[in-house]
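*Asks:* Show me the folded form of this:
(chains A and B)
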Amino acid sequence: KEPPPGAEAYIPQKYPDNRIVSSKYTFWNFIPKNLFEQFRRIANFYFLIIFLVQLIIDTPTSPVTSGLPLFFVIAVTAIKQGYEDWLRHKADNAMNQCPVHFIQHGKLVRKQSRNLRVGDVVMVNDGETFPCDLIFLSSSREDGTCYVTTASLDGESSHKTYYAVQETKGFQTEEEIDNLHATVECEQPQPDLYKFVGRIHVYQERNEPVVRSLGSENLLLRGASLKNTEKIFGVAIYTGMETKMALNYQSKSQKRSVVEKSMNVFLVVYLCILISKALINTILKYVWQSDPFRDEPWFNQKTESERQRNLFLKAFTDFLAFMVLFNYIIPVSMYVTVEMQKFLGSYFLTWDEDMFDEETGEGPLVNTSDLNEELGQVEYIFTDKTGTLTENNMEFIECCIEGNVYVPHVICNGQILPNSGGIDMIDSSPGVSGKEREELFFRALCLCHTVQVKDDVLVDGQKKSPDSSRSCIYISSSPDEVALVEGIQRLGFTYLRLKDNHMEILNRDNDIERYELLDTLSFDSVRRRMSVIVKSASGDIYLFCKGADSAIFPRVSEGKIDQVRSRVERNAVEGLRTLCVAYKKCTQEEYDEIHELLHSAKVALQEREKKLAEAYDQIETNLILLGATAVEDRLQKAGIKVWVLTGDKMETATTLFKVLSKDEDLAFIFYVSCRLSNDLQDFGLIIDGAALSLIMKPRQTGSSGNYRELFLEICRNCSAVLCCRMAPLQKAQIVKLIKLSKEHPITLAIGDGANDVSMILEAHVGIGIIGKEGRQAARNSDYAIPKFKHLKKMILVHGHFYYIRISELVQYFFYKNVCFIFPQFLYQFFCGFSQQPLYDTAYLTLYNISFTSLPILMYSLMEQHVTSDMLKRDPSLYRDIAKNALLRWRVFLYWTFLGVFDALVFFFGAYLMLENTTVTINGQVFGNWTFGTLVFTVLVFTVTLKLALDTHYWTWINHFVIWGSLIFYIIFSLLWGGIIWPFLSYQRMYFVFIQMLSSGPAWLGIILLIIVSLLPDILKKVLCRQLWPTATERTQVKITFLLYNYWFYCWNQKMRRAGSHR
Amino acid sequence: MAWSATSPGANQPDNTAFTQQRLPAWQPLLSAGIVLPLFFCVGLAFIGLGLGLYYTSNGIKELEYDYTGDPGTGNCSVCAAAGERVAPPPANCTCQWCFSLSELFQGPVFLYYELSNFYQNNRRYVVSRDDAQLSGLASALRHPTNECAPYQRSPAGVPIAPCGAIANSLFNDSFKLLHQRLPGGAYVEVPLDRTGIAWWTDYHVKFHNPEPINGSLKLAFYGTAKPPNWPRPAYDLSPDPNNTGFVNQDFVVWMRTAALPTFRKLYARIRHGNYSAGLPRGAYCVNITYNYPVLAFDGHKRLIFSSISWMGGKNPFLGVAYLTFGSLCIVTGFVMLVVYIRHQDENGEDEDE
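*Replies:* Numbering: from 1, shown residues only, chains lettered A, B, ... in the order given. Below is the predicted model:
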């Protein structure tokens, strides 16, 4: 339908259809697109170049040697991605083809979901999911509401109430809906699930069109499903890829771990080594060849075309050929192994039974496995208090009305005294006006909230008797509110429900009072308060406001501020969460003004947020203070024990925490750092949001950062810092401040609420608690855990393991490839720099793929250098790996030099052994392939045994892969050399391995060379352990000592028993 | 390629030893207590083994002679000068090396030739062969692989068999050993066993002549050319019909390219008749047919008589290495013992803490 004449200019827009395409590829573009994606990775591209060089120019090794591993890597990744994409295709199809009811010419029509267009009116039944983003027009419920669960969107399983547009909620049947004539204006699609700004014009015959503002409460999101409502009508507004759900598919920015960064640096180093090796060899080759009889001796002449080739071209080709020969120093398989290690390793986290929460039935979630090892590097932890450190299970403790304190009386078995006798008057009993104020206070608490009554109670039962309604179940996004409403219930006022925009409460006399809800000024974390405007049955209009003391007191003009403040402060010192309540009575004229103000702000299409905030600010003034409440939020059990990390600071931190936990937005920083020294006095720093914003604000003079640095300095010298009353952005600022400080420490942020998301995204590792405040934090985090206490095991055990595993993986990979390639480099000096490979093609290809791949992969999945119990018990072990300790330059150089040493031993050992002599009993001599095979055999055994030396945790799997790969190598070599392979153009390896094994000295030489190469490492290990033991090594010794004692004890017992039998 | 794992979460994870990372495991520790005895044991064992190897190697006799023929060194210099920097080498030239043994040269004795500065391991040289052709495949015989270039086809375009640089540069000096049993007596030729010098598998499995046509190997080679440096085609390589063509012992030995630029190759074994126990005392002369030019590339040719033990030829390296390494182990063992005892107390205190 066209909008009626007179409406604003209408430009037809192009809307996408309602197809959801989450798949990346189609059948046709899979191969090109996937290959393109894969070769965009720098490593894959490098290997592709090497492969192409091998194809184009005459290179020493066959293209197979690098083509096969590359193909393997690409194929494995492509298959995995293809499979995932196939699954997505299936899911997309299922979604796009699912039937949708929608209205066409007053009739209900069934169509496939993908045919839906913007502007179609859709009917959704109970339990169905919404096919696209809909503006909620009408519902089968009289009050024009519906209940929706957004579990599949953000994981919140609670039912949320959505409201139909006021003007259209009467359109109940298909025919009526068909007659509706309206236009909707809305903002461009954006991914924020909780924000929507729009406007609807409803054209009624004769009348002026009615304009209504549309907010997120009118927008039913695709993916959410309808609950407890028979059916609803809605008009499609965002379809297909423009729905908020689809927009949220886009991935977050990538975080990189320190290990990955060091790995890349090492790679660059190795690339330099590679290039310099190739350069050196090329230059030496031409120096050496300057004698013509070396370049072209009579027995090895060149073809005519070779002779005529340009010298520079020849030199360049030689350089490339050397690059190809040595390219294995940067192995393709390292990337695959690292990816597999991270991917598979992260399962150990999700599988961990200790981190499974029985209550909620939730285990840890791994949203990205790229940061596993970063968990072992954390130096600063930023945590949110509410719900993270505490259980987020609030209990109403007391309230204070004009200085009089009321405590709900609780009887031991949880039952509540039936009537108002349950109030202890601590102060003198209030006067008549006091009584009025008191009731007003209770009513204020009963009305000023966004709590919902659980629906089942309302739908199932008939009119409830007053008693049974006391057991109403309240649901709210904020547990404070539930605690307050339940607390007030105990004090005699029960909130029943919101019906037809009227809130019903049951007062002390068991009468139902009805208040019309005129406006809600919703809570936000900047204002830190919320208000409702209600009209009582008698026609009085009240504004009730509830909020943090600091947010209320400045706006209060009347009331016993001092008494309330002192009480609030006392409660805060005891660690209770306090809220103040105030009210304002308005006349009808005043209300009309307010309403106008709010309406204009709400209808605004631009800067609605800002305008609303201004309006709220204007409205919530001149309040009269009623009183304050106090709610207790218990600390999570065992959660605080992680503070053991900070050494003896547990008491300090706990008391600090107790004293200062008065505000809900409180971020708490503590230190895992190794910078603990016993003589240093412990300091704690407490700072609140207001002060912090002063610090963070750049100074007018332009010399910003002065305060920041000072603040940073102070913070770093404190063992614990508490920042209270923080806005979400400030939390992120603090994290950033520490993150970018001089030492670039690794930060971890943990939180459970939407207000922690910015902090979680900012920190190196973000952890979300799968908590009561919804799933926002968990969805945006890198890892999600059910309880704060699980953080301890996550960091101390899993993080530690991941870190030592991956650092060994990285170092070992470089080491084993130095060992592999350096002999080739040395060999060039003995073969006239002719790029003759030392090893056979099969060995070159399979070395990284099969001979030495599995042991390190399994090591990097299973290694436990200290038992997990020990790691958990002794947090000081965490210091051993702090600051990327196992990937420092010193360690890297050690590994590299060890690799070079081993390579020298292999090469010159074999050289001296086979030089100018025969090692067989029948006097026959060996050729160059035997020489290479000898080196290669020593190499495979040495690098595998080196890993065996590093393994501290020998499960049967480790035994299997380590001895298995050695046996596999032997069997492969026997087979490879045992048969004339018909498909090969050369038979150079025929019987080489077997001939080698038939020689006694070859065996003796292999054994000697293996032991000589391993010895320095053993020596270094033993000496370091003896002279400069780390905490980890001490612990290992201790454990072994205990074990020996135990065995000795057992053995003694056994002997004694055996003796007594005799 | 960001791989991520998510678990269902809603279900209790499996409580198996594997998923909980509690598989039973052996947790060895490389502590001084274990390593010290190990060092001493390894050290002693290596010294023992080293001594054995050293004496075995020392017991092996070697007699070598450089017959390159540098100017003024023996009578081979004439031949060398004649063939200097000429390829292919000129026709047969003979020279002689005479020596005398004052005692029995313990057998079995093996005769080797050694070339130095000869890069058989040059890449272009190593690949310059066609294994399919050498395995007697008829198709490959007439279509040698491109790797053989420039020894793939003769200038007339006829395929070369055997193709390639390795075959072309076949070592073609020959030696005859003469023994004068009694001073002033006649020289008797010592029988040189030219069989069994190549790997059995190479000779019997890897190398095959093309199928003879009408019983004639010559016909089988019809349509191929000899390698340019060879004086005669492959089927005439040796008068012995069982040792000619591709399955010629010398040829097979030569085709196994050496690892290093200085290399030895087995020429013959001396094990027949009176010489099965070794070379008895007396005067000997080696008649050398000098064909192979080495001065062109600054090379050297040597002739070596060597006896063989269970560990092969003379090579002191293994024995010395074992000895050195064994003593090193013991020395380090003592150093570590000192360190261990010194730091024992500290560690002991630590454990008490």
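*Asks:* CA atoms for contacts and neighbours, from now on please.
*Replies:* OK.
*Asks:* Please enumerate the strands of chain B.
*Replies:* Taking DSSP state E, the strands of chain B run over residues B:62-66, B:94-101, B:105-106, B:109-116, B:174-180, B:187-189, B:263-270, B:278-279, B:282-289, B:300-307.
*Asks:* right, and the ones you listed - which one's nearest chain A?
*Replies:* strand B:263-270 (5.5 Å; C-alpha to the nearest C-alpha).
*Asks:* now the closest one against strand B:109-116, angle please.
*Replies:* Put simply, strand B:263-270 runs at 160 degrees to strand B:109-116, going by axes from the mean of the first three to the mean of the last three C-alpha atoms, to 10 degrees.
*Asks:* Leaving out chain neighbours, which residue sits closest to the residue in chain B that chain A sits nearest to?
*Replies:* Relative to chain A, the nearest point of chain B is B:Ala259 (3.5 Å; C-alpha to the nearest C-alpha). Leaving out its chain neighbours, the residue that sits closest to B:Ala259 by C-alpha to C-alpha, 6 or more residues apart in numbering or on different chains is A:Asn928, at 3.5 Å.
*Asks:* Let me see the contact set for that neighbour.
*Replies:* A:Asn928 sits next to A:Leu838, B:Asn121, B:Arg256, B:Thr257, B:Ala258, B:Ala259, B:Leu260 when contact means C-alpha atoms under 8 Å, 6 or more residues apart in numbering or on different chains.
*Asks:* Surely the residue of chain B closest to chain A is in contact with A:Thr933?
*Replies:* No. Contact criterion C-alpha atoms under 8 Å: B:Ala259 and A:Thr933 do not qualify, at 11.1 Å.
*Asks:* Which residue of those two possesses the greater neighbour count?
*Replies:* Ranked by neighbour count (other C-alpha atoms under 10 Å in any protein chain shown), B:Ala259 and A:Thr933 place B:Ala259 first, with 25 against 21.
*Asks:* ok, for A:Gln835, nearest residue in space, not its chain neighbours?
*Replies:* Nearest-residue entry for A:Gln835: A:Pro60, 5.7 Å, with adjacent residues in sequence omitted and distances by C-alpha to C-alpha, 6+ apart.
*Asks:* Confirm the one you found sits in a helix?
*Replies:* No. Secondary structure of A:Pro60 (DSSP: H, G, I helix; E, B strand; the rest coil): coil, not part of a helix.
*Asks:* How about the contacts made by it?
*Replies:* Neighbours of A:Pro60 in contact, by C-alpha under 8 Å, 6+ apart: A:Ala321, A:Val324, A:Leu325, A:Gln835, A:Gln836, A:Pro837, B:Arg123.
*Asks:* Between the residues you listed, identify the one with the most neighbours.
*Replies:* Ranked by neighbour count (other C-alpha under 10 Å), the contacts of A:Pro60 have A:Gln835 at the top, with 31 neighbours.
*Asks:* element containing that residue?
*Replies:* If you go by DSSP states H and E, A:Gln835 is not part of any helix or strand.
*Asks:* What separation do you get for A:Ser66 and chain B?
*Replies:* Remark: distance between A:Ser66 and chain B (C-alpha to the nearest C-alpha, to the nearest Å) = 19 Å.
*Asks:* tell me the contacts of that residue?
*Replies:* So A:Ser66 contacts A:Phe47, A:Ile50, A:Phe51, A:Thr845 (C-alpha under 8 Å, 6+ apart).
*Asks:* quick one: contacts for A:Lys111?
*Replies:* A:Pro99, A:Val100, A:His101, A:Phe102.
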